[in-house]
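Trainee: Build the 3D model from these lines:
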Amino acid sequence: MENLTGSCLCGKVQIEVSNEFEYMGNCHCSECRKFTGSDYSSVGGVKPEHFCFKAGNEFVSIYQKNEETALAFCRVCGSSLFSKKHKTGMYNIRLGILDDMPTHKPSFHIFTASKAPWNDITDNLTQFEKAPIKQ
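Mentor: Purely as a prediction, here's the structure:
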């Protein structure tokens, strides 16, 4: 599988991820809205073995959101980069930082019950009022 590159706005942080996303979706929770400064966050989940820094790891700041999730951003330009789930090790890459086109695109919306009031979801993707229930 091919690898994709990504970078922050200033280019100091550069990542590489495999084009093997476990999922891609749009999160509408208030925390993602605040972290990205947008009305929702498009993310793709990759396993830790499919993620690496190409450059600029020293420019990454981590905000420990809670026991389960750490948020990463560039300390130079402030770009939101990814979140990391401690329990699973998964990286939720902010799709907007990708410099290359992934094979897939987001297939669902989560936390639609708390979406921004001005945001009308007009596509036909699956919607979850909260997080999807794991079977």
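
Trainee: just checking, what packs against the helix or strand of the chain with the lowest mean pLDDT?
Mentor: Of all helical and strand segments in the chain, the minimum by mean pLDDT, DSSP states H and E falls on helix 30-36, at a mean of 92. Packing contacts for helix 30-36, counted by 3 or more C-beta pairs under 8 Å, 6 or more residues apart in numbering; DSSP states H and E, involve strand 41-46, strand 80-85. Backbone N, C-alpha and C define where each C-beta goes, glycine included.

Trainee: buried sites along that helix?
Mentor: Across helix 30-36, burial judged by 16 or more other C-beta atoms under 10 Å covers 31-33, 35-36.

Trainee: can you tell me which of those lies nearest to residue 126?
Mentor: Closest approach between the buried residues of helix 30-36 and residue 126, by C-beta to C-beta: residue 32, at 17.5 Å.

Trainee: isn't that closest one right next to residue 39, touching?
Mentor: No: Residue 32 lies out of contact with residue 39 (C-beta atoms under 8 Å); the separation is 9.6 Å.

Trainee: Where does pLDDT dip in this protein?
Mentor: By pLDDT under 70, the weakly predicted segments of the chain are 1, 133-135.

Trainee: which residues of it fall in strands?
Mentor: 3-7, 14-18, 23-27, 41-46, 51-55, 60-64, 69-74, 80-85, 91-94, 108-110, 126-127 (DSSP state E).
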